[in-house]
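Visitor: all I have is the shape, not the residue letters:
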Ligand SMILES: [Zn+2]
């Protein structure tokens, strides 16, 4: 199965390397500065979303509000630490992902979302699995009586799942998907789902262009 590629951390997530001396220096600077020059309006957007103890101040030159603690502790250009930007990042990092339940497709003729379909088949990709277990993965349960995907456990003259799911996977991944029936050593019905080829993404097109020609 393909391994997940971890994205490198964006620059704003990189904490600046600071020795104890620098930390002390920042604390001294804070003390020396006294309170921030401007009093922030009484609105959550004018406090640091990550830590309400952080000092925020208005910068007259640029006309923007900044988090002074963030600007001191983290690497990257100063605009990363505008409150406007920090709030957007905060919502993206801390609030964006829906975690309250299992998303359902909007379309009434679909029972599984594209996201779930992809998540399950990425893990199945390339492995032989028992059809009986596949039915446990996708079939009905007391909580989801209609199941996620209809699994054909008995009729070997036809495919294990409808090819419409493999067409959806092709649309989602850009790769062609197939299913192959097989049989286990004790006569168990097996099936293997597999993706073929690599999707042509913008990144890969760029790689191809950048590759030196011989
Ligand atoms: Zn802050």
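Guide: Structure's in. What do you need? None of the values given here were measured: they were computed from a predicted structure.
Visitor: could you use CA atoms for every contact and neighbour count after this?
Guide: Noted.
Visitor: which bits of this structure sit near the ion?
Guide: Contact residues (CA under 5 Å from the ion) of the chain with the ion: 48, 54, 67, 70.
Visitor: going through these, which ones are buried?
Guide: 48, 67, 70 (16 or more other CA atoms under 10 Å).
Visitor: for the first one, list the residues it contacts.
Guide: Counting by CA atoms under 8 Å, 6 or more residues apart in numbering, residue 48 touches 54-56, 67, 83, 86-87.
Visitor: from those, which land in strands?
Guide: Among the contacts of residue 48, the members found in strands (DSSP state E) are 56, 67.
Visitor: can I get the contacts of residue 48 in CSV with pLDDT?
Guide: As requested, those are exported to CSV (pLDDT from 0 to 100):
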residue, pLDDT
54, 92
55, 92
56, 94
67, 94
83, 96
86, 96
87, 96
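Visitor: now do the helix or strand hosting residue 167: which elements does it pack against?
Guide: Using DSSP states H and E, residue 167 maps to helix 163-173. Contacting helix 163-173 under the criterion 3 or more CA pairs under 8 Å, 6 or more residues apart in numbering; DSSP states H and E are the following elements: helix 114-124, strand 176-183.
Visitor: wait, which of the ones you listed is closest to residue 98?
Guide: Shortest distance between residue 98 and the helices and strands packed on helix 163-173, using CA to CA, is found for helix 114-124: 12.4 Å.
Visitor: okay, buried residues for that closest one please.
Guide: Result for helix 114-124 [16+ other CA under 10 Å]: buried residues 114, 117-118, 121-122, 124.
Visitor: stretch 176-186 now?
Guide: Those would be 176-179, 181, for stretch 176-186 by 16+ other CA under 10 Å.
Visitor: next, residue 190: phi, psi?
Guide: Here the main-chain torsion angles of residue 190 (degrees, to the nearest 10) amount to phi -120, psi 160.
Visitor: kindly state the beta-bridge partners for it.
Guide: residue 130, residue 182 (DSSP bridges).
Visitor: stretch 82-99: which residues count as buried?
Guide: 82-84, 86-87, 89.
Visitor: typo on my end, it should be stretch 65-85
Guide: Result for stretch 65-85 [16+ other CA under 10 Å]: buried residues 65-72, 74-75, 80-84.
Visitor: one more: stretch 128-143?
Guide: Quick answer for stretch 128-143 (16+ other CA under 10 Å): 128-132, 134-135, 138-140.
Visitor: among those, which ones are in helices?
Guide: Applying DSSP state H to those, the entries found in helices are 131-132, 134-135, 138.
Visitor: how about the buried residues of stretch 176-186, which pair is most distant?
Guide: 176 and 181, at 17.0 Å, using CA to CA across these.
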